[in-house]
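In: pasting the sequence and the predicted model now:
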Amino acid sequence: MTSHRRILLILGGGIAAYKTLELIRRLRESGCSICAVLTDAASQFVTPLSVASLTNEKIYQGLFDLTNETKIGHIQLSRDADLIVVAPATADLMAKMAAGLATDLATTLLLATDKPVLIAPAMNVRMWEHPATQRNLKQLKKDGVKIIGPNEGDMACGEFGLGRMAEPAEILKSIIVQFEKQNDRVTKLKSLDTKEHTKPLDGCRALVTAGPTWEPIDPVRYLTNRSSGKQGFAIARELVEAGANVVLVAGPVALNDPRGLKTVRVETAEQMLAACEHILPVDIAICAAAVSDWCASSQAINKLKKSSISSRQLELKENPDILKSISMKSKDRPKLVVGFAAETEDLIKNATEKRKAKGCDWMVANDVAPGTDAMGGNTNQVHLITSDGVEAWPQLPKTEVAHSLVTRIGHHLRARAASSPGKKQGGKRDR
Ligand SMILES: Cc1cc2nc3c(=O)[nH]c(=O)nc-3n(C[C@H](O)[C@H](O)[C@H](O)COP(=O)(O)O)c2cc1C
């Protein structure tokens with residue numbers, strides 16, 4: 001349930017912060033990735049280095065040191081998470097959360113999120129029992145914040161009573177419960193699959209491309225687009241969940257390598273094609289990358305001077321067509337090739353034509369017109385175009401689009417295998 005989940009973990013300034021290090025270790029063991037944020041006070045109790053070493057990721061401390069703040073990095077941090085956990089939750093953090101204050105990175109994240117929040121309070125028994133803290137607790141519960149603990153016992157301050165942070169194992173259990181609730185629907189679907197087939201894509205090899213490409217003009221400039229890679233990464237993760245052996249070829253994106261698969265990082269369309277050719281043959285190819293259609297005809301060795309080129313002089317040539325080249329393979333063609341068509345107008349018409357022109361089996365058409373969330377955002381509204389027609393899917397989180405697509409692929413390949421038992425993988429196309 002925790003595998004491939006992303007947790008935004010906020011550490012407050014309390015003695016119990018040392019127990020959070022153990023929690024991080026357990027979460028990592030259970031397959032979660034963790035982005036940690038330390039309050040100023042927290043870094044007095046545990047070192048940022050210990051936390052970074054255990055999470056194996058950059059940690060965040062100051063609201064104003066987020067290098068990517070031009071892209072509203074503090075909002076991005078909470079957007080990328082499936083769950084926010086505050087451990088230890090100090091009396092101070094609880095008060096700020098209850099009052100809706102946003103005075104530092106931790107509290108700003110907590111106010112700027114719509115993700116579920118779980119807190120593990122830890123404090124001296126008098127602080128816990130104080131009417132102010134109890135008032136804040138009541139408010140937080142009313143606001144939908146989930147609470148684990150505190151427990152009763154001996155305290156670091158020599159007193160006895162309620163206020164000890166819940167043990168890491170208890171917090172982990174509570175996190176799992178949260179994920180179970182969040183994914184009730186998904187879990188049900190998955191358990192249906194599990195009854196018949198432990199892993200629907202067990203033994204399948206899959207290739208996924210994701211993100212944009214960068215086409216250099218000179219050593220400092222390049223042509224690109226706004227693709228974030230989130231949809232392709234989500235698909236790759238879902239394929240892993242479904243049992244596939246996945247290689248993800250990613251253009252330049254600000255996303256960490258997903259667990260459980262191989263990620264190959266490239267910059268240009270040429271490099272992406274070469275990486276894909278190297279990975280083939282596969283059973284499933286999903287080309288979600290927004291490959292630049294053009295690149296500069298020649299790349300200048302030195303930075304071009306403003307005076308050396310007029311606005312009409314940049315000469316372009318067409319990039320290789322990766323989707324088409326995979327779809328049109330005469331030997332070892334994947335059983336299923338899925339392309340993505342990003343369109344700003346005549347979505348269905350253009351994507352339907354594109355499916356035919358490229359020779360792929362399915363085309364996922366997404367509307368990337370200004371105002372939609374598709375390019376760079378967390379949701380996508382797609383149409384699935386197959387030889388059977390066009391299906392409109394509702395606007396969904398990209399993770400849900402990925403789940404539905406992979407479930408669909410599982411059903412499709414099973415039906416195909418049932419209709420031609422004993423047939424070897426690869427070869428004939430699947431329209
Ligand atoms: C030695 C020491 C231990 C502390 N332990 C706790 C604690 O367990 N829980 C708590 O709520 N505050 C504790 N505090 C007080 C917090 O560190 C203080 O309220 C701080 O402002 C919290 O900041 P934060 O909520 O931004 O992390 C402790 C302070 C000190 C000096």
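Out: Yep, that arrived.
In: give me every residue that touches the residue in the stretch 251-400 of the chain positioned nearest to the ligand.
Out: When scored by CB to the nearest ligand atom, the stretch 251-400 of the chain has Asn256 as its residue closest to the ligand, at 26.1 Å. Yep, even glycine has a C-beta here, placed from its N, CA and C like the rest. Contact partners of Asn256, counting by CB atoms under 8 Å, 6 or more residues apart in numbering, are Ser33, Glu57.
In: same question, Leu323
Out: By CB under 8 Å, 6+ apart, the contact set of Leu323 is Cys287, Val291, Val337, Gly339, Lys358, Cys360.
In: just the ones of the residues you listed in strands?
Out: Using DSSP state E, the members of the contacts of Leu323 that fall within strands are Cys287, Val337, Gly339.
In: by neighbours, which of those wins?
Out: Cys287 (29 neighbours; other CB atoms under 10 Å).
In: from Glu400, how far off is it?
Out: 20 Å (CB to CB, to the nearest Å).
In: now Leu109
Out: For Leu109, the distance to Glu400 - CB to CB - is 23 Å.
In: the two: which is more packed in?
Out: Each of Leu109 and Glu400 has its neighbours counted (other CB under 10 Å); Leu109 has more, 25 against 18.
In: and the more buried one, that one's in a helix?
Out: Yes: using DSSP: H, G, I helix; E, B strand; the rest coil, the assignment for Leu109 is a helix.
In: grab the nearest non-local neighbour of it.
Out: Ser78 (5.0 Å; CB to CB, 6 or more residues apart in numbering).
In: for the one you found, give me its contacts.
Out: Neighbours of Ser78 in contact, by CB under 8 Å, 6+ apart: Leu8, Ile84, Leu109, Ala112, Thr113, Lys115.
In: which strand or helix spans Pro258?
Out: Using DSSP states H and E, Pro258 maps to neither a helix nor a strand.
In: check the one 5 residues further on too.
Out: Thr263 belongs to strand 262-265 when assigned by DSSP H and E.
In: contact partners of that strand?
Out: By CB under 8 Å, 6+ apart, strand 262-265 touches Val246, Val247, Leu248, Val249, Ala250, Pro252, Asp257, Ala275, Ile279.
In: which SS state does the second one fall under?
Out: Reduced to three states with three-state DSSP, the structure at Val247 is strand.
In: which regions of the stretch 251-400 of the chain lie under the pLDDT threshold?
Out: 309-312, 373 (pLDDT under 70).
In: need the ones in strands among the contacts of Leu323 in TSV (columns: distance to Leu21).
Out: Below are these laid out as TSV (distance: CB to CB, whole Å):
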residue	distance to Leu21
Cys287	41
Val337	46
Gly339	45
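In: and which of the contacts of strand 262-265 is nearest Arg25?
Out: Asp257 (20.1 Å; CB to CB).
In: and that closest one, how many neighbours?
Out: For Asp257, using other CB under 10 Å, the count is 15.
In: now it. Nearest residue, chain neighbours left out?
Out: Excluding the flanking residues, the one nearest Asp257 by CB to CB, 6+ apart is Thr263, at 4.1 Å.
In: tell me how far that neighbour lies from Ala87.
Out: Taken as CB to CB, the span from Thr263 to Ala87 is 30 Å.
In: between these two, who's got more neighbours?
Out: Just comparing Thr263 and Ala87: by other CB under 10 Å the higher neighbour count belongs to Ala87, 27 against 18.
In: next, give phi and psi for the more buried one.
Out: Backbone torsions of Ala87, given as degrees, to the nearest 10, read phi -150, psi 120.
In: one step back: beta-bridge partners for the residue nearest to Asp257, please?
Out: Using DSSP bridges, the bridge partners assigned to Thr263 are Leu248.
In: please report the distance of it from Ser50.
Out: 27 Å.
In: residues in contact with Ile409?
Out: Leu201, Ala242, Ile284, Leu336, Val338.
In: quick one, which of these are buried?
Out: Leu201, Ala242, Ile284, Leu336, Val338 (16 or more other CB atoms under 10 Å).
In: tell me what the fourth one is bridged to.
Out: Assessed by DSSP bridges, Leu336 has beta-bridge partners Ile284.
In: pretty sure it contacts Gly410?
Out: No: Leu336 is not in contact with Gly410 according to CB atoms under 8 Å; the separation is 10.7 Å.
In: got any residues that touch both of those two?
Out: By CB under 8 Å, 6+ apart, no residue touches both Leu336 and Gly410.
In: model confidence for the residue of the stretch 101-250 of the chain found nearest the ligand, exactly?
Out: Proximity to the ligand, evaluated over the stretch 101-250 of the chain using CB to the nearest ligand atom, is greatest for Met123 at 3.5 Å. Listed pLDDT for Met123 reads 96.
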